[in-house]
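Chemist: sequence first, predicted coordinates after that:
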Amino acid sequence: MPLSPSEPNTAAASPGAPVLTVEGLHITVGSGRAEAVRDVSFRVRAGEAVGLVGESGSGKTLTCRSVLGVGAPGVAVSAGRIDLAGTELTALSARAWEQVRGSRLGAVFQDPASYLNPSITVGRQLAEPLRVRLGLNRAAARERAVELFASVGLHRPEEVYHRYPHELSGGMLQRVLIAIAVAGEPELLVADEATTALDTVVQAEVLELLARLRTERGLALLLVTHDLAVVAEVCDRILVFYAGEIVEDGPTAEVVAAPAHPYTEALLRVASIGDWRRRDLAVIPGRPPEAGAAPAGCRFAERCAFATAACTDGPVPLTVRADGRRVRCTRADELALSGAFAAPATVTDPATVTAPATVSDQADRALQEVTA
């Protein structure tokens, strides 16, 4: 079955068969069945890292939690399919999900302490699943757990094995959670705001770890974040979400250097990173539409400086440009030709322009490289 409405560009993706295929995904929330995610389609190939970005409430986390089958009460997949290398996830029973999570699918979330039992050592919390899933005896499971702790960069892993969560720092806890997530040799790792609560130094270390594990294990990575610098450092491709829809999809370097959608351009200005750092700091005016709202045309029109009457005439499809990138904007080609997103004059004193605290220097350097 072909992707709907159009297949994303895969020319720049890492070679490999699709591990995750999402087609025509619709997600509803609440008793009123408000549609929070509408017609989302994308693929993640083996060894590829794809980043989902957008404001809070844009639908990126709902999409990833649906991939993991862990939607909150009242959240439901109302249409579409989610395929994990030949397994249709939306049709799985609770028992079948137990065979997928922790083995074929791994997950890392924000605030790792909330996902660990405070009364059990972290080593035991890793060793027990190894015994259940792999049939290892107690000694073999302990040995494997120590090896996994070492592989994620935890110093003195034998000592860490006997520690309780409250005895470890936030960065160490995140490494523990990553070790648990990859213990079953998953095909896909979902990282949902996995570095948000960490300081910039630890954040850079965790991102480096994810990149290394992806290379060593051939992991497909689906990363959810609001931080464009994180995506620029780790991901091959960016999916930009707005009001429950994908509005832009393309290779990271190309999207950062030359955004095609006004919302993506606005996000880059607000983040003030890489080449965009020399712009005046700004905010995106207005607010996104409420979940379930169905504007007649472009959902970003009310906040867009480039909107015309034609933008609200009817639904705006996600179309494929000549370069293979997908964009949901009726004026995308026109804006690109006119240079509407060209950088304005630089600020008088660049030293006064500072990036948000969540942006690491390492990530910023990576952005400057891809936009050079």
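Modeler: Ah, there it is.
Chemist: check for me that A266 belongs to a helix.
Modeler: Yes: assessed with DSSP: H, G, I helix; E, B strand; the rest coil, A266 lies in a helix.
Chemist: quick check, it in contact with G286.
Modeler: No: taking contacts as C-beta atoms under 8 Å, A266 lies outside contact range of G286: 10.6 Å. (Glycine included, C-beta is placed from N, CA and C.)
Chemist: which neighbours do the two share?
Modeler: Both A266 and G286 are contacted by R303, under the criterion C-beta atoms under 8 Å, 6 or more residues apart in numbering.
Chemist: neighbour count: these two, which is higher?
Modeler: The neighbour comparison of A266 against G286 (other C-beta atoms under 10 Å) goes to A266, with 22 against 10.
Chemist: where does R326 land on pLDDT?
Modeler: As predicted, R326 sits at a pLDDT of 96.
Chemist: same question but for A282, I mixed them up
Modeler: Looking at A282, its pLDDT is 65.
Chemist: kindly report the same for the one 10 residues further on.
Modeler: pLDDT, the model's per-residue confidence, is 68 for G292.
Chemist: quick one: the helices in the protein?
Modeler: Ranges of helices in the chain, per DSSP state H, are 60-68, 94-100, 122-134, 138-151, 157-161, 170-182, 200-217, 228-234, 252-257, 262-271, 332-338, 361-370.
Chemist: nearest to E23, out of those helices?
Modeler: E23 lies closest to helix 60-68 among the helices of the chain, at 12.3 Å (C-beta to C-beta).
Chemist: so what touches the closest one?
Modeler: Applying C-beta under 8 Å, 6+ apart, the set of residues contacting helix 60-68 is 20, 22, 25, 27, 29, 36-37, 40, 52-54, 71-72, 75, 77, 82, 84, 89-90, 101, 105, 107, 188, 190, 192-193, 222, 224, 239, 241.
Chemist: swap in 6 Å and give it another go.
Modeler: 27, 36-37, 40, 52, 54, 71, 77, 82, 107, 190, 192, 224, 241 (C-beta atoms under 6 Å, 6 or more residues apart in numbering).
Chemist: what do you get for stretch 113-121?
Modeler: Contacts to stretch 113-121, defined as C-beta under 6 Å, 6+ apart, come from residues H162, Y164, P165, L173.
Chemist: how about the CA coordinates for that stretch, as CSV?
Modeler: The C-alpha trace of stretch 113-121 is given here as CSV (Å, rounded to 0.1, in the frame of the first residue of the first chain):
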residue,chain,number,x,y,z
ALA,A,113,13.5,8.4,37.6
SER,A,114,9.7,8.3,37.2
TYR,A,115,10.1,5.1,35.1
LEU,A,116,12.3,3.2,37.6
ASN,A,117,11.2,1.5,40.8
PRO,A,118,12.8,3.5,43.7
SER,A,119,12.8,0.4,46.0
ILE,A,120,14.8,-1.9,43.6
THR,A,121,18.4,-1.6,42.5
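Chemist: how far away from the center of its chain is that stretch?
Modeler: How far stretch 113-121 lies from its chain's middle: 25 Å, per C-alpha atoms, centre = their mean, to the nearest Å.
Chemist: in it, which residues are buried?
Modeler: Across stretch 113-121, burial judged by 16 or more other C-beta atoms under 10 Å covers Y115, L116, T121.
Chemist: out of those residues, who's nearest T312?
Modeler: Nearest to T312 among the buried residues of stretch 113-121, with distances taken as C-beta to C-beta, is Y115, at 43.0 Å.
Chemist: look up how far G32 lies from that closest one.
Modeler: Separation of Y115 from G32 (C-beta to C-beta, to the nearest Å) stands at 31 Å.
Chemist: give me the below-cutoff pLDDT ranges for this protein.
Modeler: When residues are selected by pLDDT under 70, those of the chain lie in 1-15, 197, 272-282, 292, 342-372.
Chemist: please parse it into its domains.
Modeler: Using automatic domain parsing, the domain ranges for the chain come out as 111-185, 259-370.
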